[in-house]
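Colleague: Sequence and predicted structure below; questions after.
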Amino acid sequence: MGKLEAKEIVNRQRSFFHTGKTMDYAFRKEQLTSLKNMLKGYEQEIYHALKNDLNKSEYEAFTTELGFLYTEIDFALKHLKDWMKPEKAETPLTHKGSKSYIRKEPYGVALIIAPWNYPLHLAIAPAIGAIAAGNTVVLKPSEITRSTSAILADMIQSTFDSSFVTVVEGAKDVSQQLLEQRWDYIFFTGGAHVGKIVMEQASKHLTPVTLELGGKSPAIVDTDAKIDLAAKRIVWGKFTNAGQTCVAPDYVYVHEKVKLKLLRAMKKHIKSLYGKKPIQNYDYVRIVGKQHFNRLNAFMTDGEIIHGGEADEDKLSIEPTILDKISWDNAIMQEEIFGPLLPIITFRSLDDVISEMKEMEKPLALYYFGENEQKQQLVMTNVSFGGGCINDTLYHLANPHLPFGGTGNSGMGAYHGKYSFDTFSHQKSILKQTTKFDIPFRYPGGQVAKAILSRLMK
């Protein structure tokens, strides 16, 4: 793709946006319905693509990709009319006679850059919000998951006018060409390094951005946690998608008093969920590519492997692995793991954990396991992170009533449910003033006017 072609795509979409068609509720509802019907119609092809790219089973593909999208579309369709209504705002006494309200206005032409780990989910989910809010969409899927990228291009081309929604496939150079264009909104999901590049490019046109990044998200297991249940939920949250999840527990802080009990329980649940030989499990998700496989495989020299450790380069598969005797000096603790390796760090004092967390980059998620409500609130109040759970993992992102997003190095902005609509909408403030009378003291009028204003405004 050259600069001219990228510019033509943006210009074509901007021309479509300027027709005003996307401002209409009926149009948006029709497009969201078409989106859902498209996913249903291509469901088997989607399963096949995700199997090719990541070896996802139909169960995992549905629960982590398609099912979420169906729920999100239904939620948007149910509430869209209310979301679009102008929102009344209070008017102070100084503005007597006037009315105030906020209109939710689409930005215009939106660029969505999607990652490879949930290549369908993380491409379509932000597009739902963009469409609901009345924007046009250019979607750039990851070139790493080629089969899903191809099916996205095929089904969207078959369903939508390309001036409204289109897919642009390609590698890094295509993303660069797209980012050089003037967009009205950019939504990026990926790593912090590329996120900074996206933000830099957006700044040249003062384009607003949402950055959904990542980070080292901890699970903290305290002395009074229900250990067996904590172990099961950590194992599920960590090893879903072979750990290639931005909100997966990156490592575990466990109190020394319950460490051995937790490790025994996690080993048990790994075997229960993935079998005694996960690499031979037909439905176990593989690592996305050789480079990523090699990076993860190198981490297994850190600490001591107390469960797992087997890797198959030909299958690009690494079994769920627990690493003990890990310190912050190990290479595995210097970056987000994004794979099925789970380091264990022991603690004695929860206050020490909180102090350490305050010195680190803010993670995208945090998970605390413990029954004491005061300790729960101590962690939730004193540690900054994007979002998380008490006594669970991952589940917060499946609630459309909660915003999902990061803070600091883990991102900016949020989406899901109404928050997706709000992300892709500019809040336009409007005051409608009366012409039946005119308040005289708003104009220069000496001491009397000043005295009146002082009483009203102080």
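Modeller: In hand now; what should we look at?

Colleague: Need phi/psi at N281.
Modeller: Backbone torsions of N281, given as degrees, to the nearest 10, read phi -80, psi 120.

Colleague: Report how many residues lie close to the nearest residue to it once chain neighbours are set aside.
Modeller: Setting aside the residues directly before and after it, N281 is nearest to G275 in space (C-beta to C-beta, 6 or more residues apart in numbering), at 5.0 Å. For the C-beta atoms, the positions are set from N, CA and C on the backbone; glycine is no exception. Using other C-beta atoms under 10 Å, G275 has 15 neighbouring residues.

Colleague: Any chance of the backbone angles for G275?
Modeller: phi 90, psi 170.

Colleague: Pretty sure it sits against H269.
Modeller: No - between G275 and H269 no contact is recorded; they are 11.9 Å apart, counting by C-beta atoms under 8 Å.

Colleague: Let me see the domain layout of the protein.
Modeller: The record's domain parsing of the chain by automatic domain parsing lists 3-213+408-430, 218-398.

Colleague: Can you tell me how far the residue nearest to S34 when sequence neighbours are not counted is from V167?
Modeller: Distances taken as C-beta to C-beta, 6+ apart place T159 nearest to S34, at 5.6 Å, with adjacent residues excluded. In this view, T159 and V167 are 11 Å apart by C-beta to C-beta, to the nearest Å.

Colleague: Neighbour count for the two, which is higher?
Modeller: Using other C-beta under 10 Å, the more surrounded residue of T159 and V167 is V167, with 23 against 16.

Colleague: wait, that one sits on I156?
Modeller: Yes - with contacts counted by C-beta under 8 Å, V167 reaches I156, the gap being 5.0 Å.

Colleague: where do the contact lists of the two overlap?
Modeller: Residues touching both V167 and I156 (C-beta atoms under 8 Å, 6 or more residues apart in numbering): L139.

Colleague: follow-up on the earlier one: close enough to count as contact, the residue nearest to S34 and L35?
Modeller: Yes - T159 is within contact range of L35, at 7.4 Å (criterion: C-beta under 8 Å).

Colleague: Show the low-confidence segments of the stretch 251-400 of the chain, by residue range.
Modeller: Of all residues in the stretch 251-400 of the chain, none has pLDDT under 70.

Colleague: in the stretch 151-300 of the chain, which spans are helices?
Modeller: All helices of the stretch 151-300 of the chain, identified by DSSP state H, counting those that start in this stretch, fall at 172-179, 192-203, 227-239, 259-274, 290-299.

Colleague: Would you tell me which of these gets closest to G308?
Modeller: Of all the helices of the stretch 151-300 of the chain, helix 259-274 sits nearest to G308, with 7.3 Å by C-beta to C-beta.

Colleague: Now do the closest one: which elements does it pack against?
Modeller: Packing contacts for helix 259-274, counted by 3 or more C-beta pairs under 8 Å, 6 or more residues apart in numbering; DSSP states H and E, involve helix 227-239, strand 304-307, strand 321-324, strand 341-347.

Colleague: and the angle for it with helix 227-239?
Modeller: Here helix 259-274 points in a direction 60 degrees away from that of helix 227-239 (axes from the mean of the first three to the mean of the last three C-alpha atoms, to 10 degrees).

Colleague: Report the angle between helix 259-274 and strand 341-347.
Modeller: Here helix 259-274 points in a direction 160 degrees away from that of strand 341-347 (the same axes, to 10 degrees).

Colleague: Quote the end-to-end distance of stretch 218-237.
Modeller: 11 Å (C-alpha to C-alpha, to the nearest Å).

Colleague: And the contacts of that stretch?
Modeller: With C-beta under 8 Å, 6+ apart as the criterion, stretch 218-237 contacts 238, 245, 247-255, 257-258, 261-262, 265-266, 268-270, 273, 320, 342, 350, 353, 357, 363, 366-372, 375, 379, 391-394.

Colleague: repeat that with 7 Å
Modeller: 248-255, 257-258, 261-262, 265-266, 269-270, 273, 350, 353, 363, 366-372, 375, 379, 392-394 (C-beta atoms under 7 Å, 6 or more residues apart in numbering).

Colleague: Over to stretch 345-352?
Modeller: Contacts of stretch 345-352 with the rest of the structure, by C-beta under 7 Å, 6+ apart, involve D222, Y251, V252, Y253, V254, H255, E256, K259, I326, V353, K375, L378.

Colleague: closest to I128 among the residues you listed?
Modeller: When the contacts of stretch 345-352 are compared against I128 (criterion: C-beta to C-beta), the nearest one is Y251, at 32.2 Å.
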